[in-house]
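A.B. asks: Attaching a predicted model along with its sequence, questions to come.
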Amino acid sequence: MIKNNKFFLKELTDIVFIGYSPIFEKMKNFNSSLKINSKIISSSDQSKYIKHEHIIFDEFDNRFIDFVNKNFRIDKTLFISIGSRSIFKKRIIKFLNGNLINFHGTRLPLDQGGGGFSWNILREDRISNQLVHLVDENIDTGPIIYNRLSLFPKDCKIPIDFESFYLKGFIVFYKEFIRMVFDCKKFSLIDQPSFIGRYNPRLNTDINGYINWDMDSYDLYNFINAFDDPYLGAKSKINRGDFGSLRLKKVHLHGGDSSNHPFISGIVIRNDLDWIVVATKGKHMLLVEEVLDKDNKNIIDYIKPGDRFYNNYDDLLKARSQRIIYNSKGLKNEN
């Protein structure tokens with residue numbers, strides 16, 4: 001509940017998770033240690049990732065209101081949006097009476113939106129943040145309840161590295177926060193100043209992951225890393241064979257060869273058995289360890305010096321112009 005610009009619960013008996021987290025098990029176990037009941041609500045699209053018992057709501061409407069009224073005391077229940085693809089309407093926010101919160105993995109208001117750790121990589125941002133805020137009608141703009149900053153270590157390179165580090169810190173943060181709510185701590189709310197807000201849109205590897213070989217070496221390095229594991233990999237064609245789009249993974253900056261003219265960018269200058277060297281604009285080149293075909297087979301041995309990676313203008317235009325929107329049933333495309 002909210003009173004005098006403070007967030008608190010007089011008693012916490014139930015927690016309802018809305019969305020998806022790979023560490024639901026750890027969160028539920030901690031709740032149980034405090035004798036807090038846990039329930040998971042998910043969407044049709046996210047349901048396939050959840051191994052625990054859960055309920056599907058693709059719309060938060062009268063059916064959801066009836067479900068809550070039959071099963072919970074709103075004043076004793078914390079509703080936690082975590083990885084949810086829903087934007088809650090004013091009616092639902094009001095119904096939950098200030099007990100709907102969201103966990104966010106980056107700084108607010110600097111990093112609003114759902115682009116995830118790929119944006120950290122693209123911007124070379126090493127600051128991590130565990131944060132919880134009230135949910136309002138917009139995206140990640142509600143008052144901040146509690147947060148904790150840290151730094152991603154230097155060995156975090158691709159999204160799965162960032163996610164692994166984040167989740168280790170998140171479960172500690174989650175336990176700390178829930179313990180304080182359970183103990184009836186009152187949190188002073190911090191309004192987010194809109195004048196420094198920045199929205200980072202969602203990304204989709206198949207749509208946004210086309211490599212623009214006109215980028216300089218550093219931007220190429222960050223771009224390819226941003227779509228590496230757990231994603232499918234950044235995409236490029238090659239001017240030999242009939243492979244269609246290939247996926248590049250495990251790239252490294254290489255400064256051991258001379259600088260290049262921009263026209264040579266994308267050309268393979270050497271195959272060193274376990275990796276290839278690809279020319280780029282600027283003082284560096286790329287070492288690439290994996291070039292995956294449509295069957296996810298590494299064809300690095302097939303690639304020869306003189307081959308050129310490229311992408312069509314139409315693909316690059318699509319990557320920049322198509323907005324990525326996920327709803328409860330999955331990917332929804334809007335131009």
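C.D. replies: Perfect, I can see it now. Numbering: from 1, shown residues only.

A.B. asks: Where does the prediction get shaky in the stretch 201-335 of the chain?
C.D. replies: Regions of the stretch 201-335 of the chain meeting the criterion pLDDT under 70 cover residues 257-259, 333-335.

A.B. asks: Tell me which helix or strand residue 161 sits in.
C.D. replies: Assigned by DSSP states H and E, residue 161 belongs to helix 159-182.

A.B. asks: Quick check: which helices or strands does that helix pack against?
C.D. replies: helix 24-33, helix 117-123, strand 127-134, strand 144-151 (3 or more C-beta pairs under 8 Å, 6 or more residues apart in numbering; DSSP states H and E). All C-beta spots, glycine's among them, are computed from the backbone N, C-alpha and C.

A.B. asks: And the first one, what's buried?
C.D. replies: Same thing as helix 24-33. The neighbour-count criterion (16 or more other C-beta atoms under 10 Å) identifies 24, 27, 28, 30, 31 as the buried residues of helix 24-33.

A.B. asks: So residue 324, which state does it fall into?
C.D. replies: Secondary structure assignment for residue 324 (DSSP: H, G, I helix; E, B strand; the rest coil): strand.

A.B. asks: For the most centrally placed residue in the chain, give me the pLDDT.
C.D. replies: Centroid-nearest residue in the chain, with C-alpha atoms, centre = their mean: residue 116, separated by 2.3 Å. You'll see residue 116 listed with a pLDDT of 84.

A.B. asks: quick revisit: nearest to residue 254, out of the helices and strands packed on helix 159-182?
C.D. replies: helix 117-123 (18.5 Å; C-beta to C-beta).

A.B. asks: what's that closest one in contact with?
C.D. replies: The set of residues external to helix 117-123 that reach it, using C-beta atoms under 8 Å, 6 or more residues apart in numbering, is 105-106, 111, 125-126, 152, 157-159, 162-163, 166, 200, 203, 222-223, 225-227, 231.

A.B. asks: what domains does the record give for this structure?
C.D. replies: 2-196, 205-334 (automatic domain parsing).

A.B. asks: so what's the backbone phi/psi at residue 295?
C.D. replies: Main-chain torsions, residue 295, degrees, to the nearest 10: phi -100, psi 10.

A.B. asks: burial measure for it, as a count.
C.D. replies: If you count neighbours by other C-beta atoms under 10 Å, residue 295 ends up with 6.

A.B. asks: what does residue 144 give?
C.D. replies: 19.

A.B. asks: so what's the residue lying closest to it once chain neighbours are set aside up against?
C.D. replies: The shortest distance from residue 144 to any non-neighbouring residue, by C-beta to C-beta, 6 or more residues apart in numbering, is to residue 190 (4.3 Å). Residues in contact with residue 190 (C-beta under 8 Å, 6+ apart) are 143, 144, 145.

A.B. asks: try residue 2
C.D. replies: Taking C-beta under 8 Å, 6+ apart as the test, what residue 2 contacts is 98, 134, 189.

A.B. asks: dump the residue contacts of the first one.
C.D. replies: Residues counted as contacts of residue 98 (C-beta under 8 Å, 6+ apart) are 1, 2, 7, 134.

A.B. asks: was I right about residue 312 contacting residue 239?
C.D. replies: No - contact status for residue 312 versus residue 239: not in contact, 11.6 Å apart, counting by C-beta atoms under 8 Å.

A.B. asks: Out of the contacts of residue 2, which comes closest to residue 279?
C.D. replies: Of the contacts of residue 2, the one sitting nearest to residue 279 (C-beta to C-beta) turns out to be residue 134, at 50.3 Å.

A.B. asks: Please state the backbone phi and psi of residue 18?
C.D. replies: phi -120, psi 110.

A.B. asks: Also residue 47?
C.D. replies: Dihedral angles (degrees, to the nearest 10) for residue 47: phi -60, psi -40.

A.B. asks: Report how many residues lie close to it.
C.D. replies: Look at residue 47: counted by other C-beta under 10 Å, it has 15 neighbours.

A.B. asks: which residues sit in contact with it?
C.D. replies: Contacts of residue 47 (C-beta under 8 Å, 6+ apart): 54, 56.

A.B. asks: any idea how far it is from residue 41?
C.D. replies: Here residue 47 is placed at a distance of 10 Å from residue 41 (C-beta to C-beta, to the nearest Å).

A.B. asks: Give me the common contacts of these two.
C.D. replies: Shared contacts of residue 47 and residue 41 (C-beta under 8 Å, 6+ apart): 54, 56.

A.B. asks: From residue 132, how far off is the residue nearest to residue 144?
C.D. replies: For residue 190, the distance to residue 132 equals 11 Å [C-beta to C-beta].

A.B. asks: Give me the common contacts of these two.
C.D. replies: Shared contacts of residue 190 and residue 132, defined by C-beta under 8 Å, 6+ apart, comprise 144, 145.
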